[in-house]
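1. Output the structure for:
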Amino acid sequence: MDILYLLIPFSVVLVLVIVAVFGWAVHSGQLDGFEDEAERILLDEDQGAGRAPREESVKSD
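-> Below is the predicted model:
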């Protein structure tokens, strides 16, 4: 029972730290742009983010 006096405040502080880090990430723009990255995989390689198309190696038998 005595351990609860330590664990409850520790867990409350831990939750507050996690919320603070998440709030910092949201406000600093760390979570912006996920839609662009998710749609990039659907584009053709010629149209994607200004990169040259990948060269495929062909194996000869």
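2. Please make it C-alpha for all contacts and neighbour counts, starting now.
-> Will do.
3. Touching the top helix by length along the chain from outside, list them.
-> For the chain, the helix with the greatest residue count under DSSP state H is helix 4-27. With Cα atoms under 8 Å, 6 or more residues apart in numbering as the test, helix 4-27 has contacts from Leu31.
4. what's the offset of that helix from the middle of its chain?
-> 20 Å (Cα atoms, centre = their mean, to the nearest Å).
5. Show the average pLDDT along whichever helix or strand comes after that helix.
-> Following helix 4-27 in sequence order, the next helix or strand is helix 34-40 (DSSP states H and E). Helix 34-40 comes out with an average pLDDT of 79.
6. What is helix 34-40 packed up against?
-> Using 3 or more Cα pairs under 8 Å, 6 or more residues apart in numbering; DSSP states H and E, no helix or strand is in contact with helix 34-40.
7. Identify each buried residue in it, please.
-> Residues of helix 34-40 include none that count as buried (16 or more other Cα atoms under 10 Å).
8. just stretch 26-36 next, same as before
-> Counting neighbours, the buried set in stretch 26-36 is empty (16+ other Cα under 10 Å).
9. and the most centrally placed residue in the chain, how far is that from Phe22?
-> For the chain, the residue nearest the mean C-alpha position is Leu31 (7.0 Å; Cα atoms, centre = their mean). Separation of Leu31 from Phe22 (Cα to Cα, to the nearest Å): 10 Å.
10. same thing with Leu43?
-> Distance, Leu43 to Phe22, by Cα to Cα: 31 Å.
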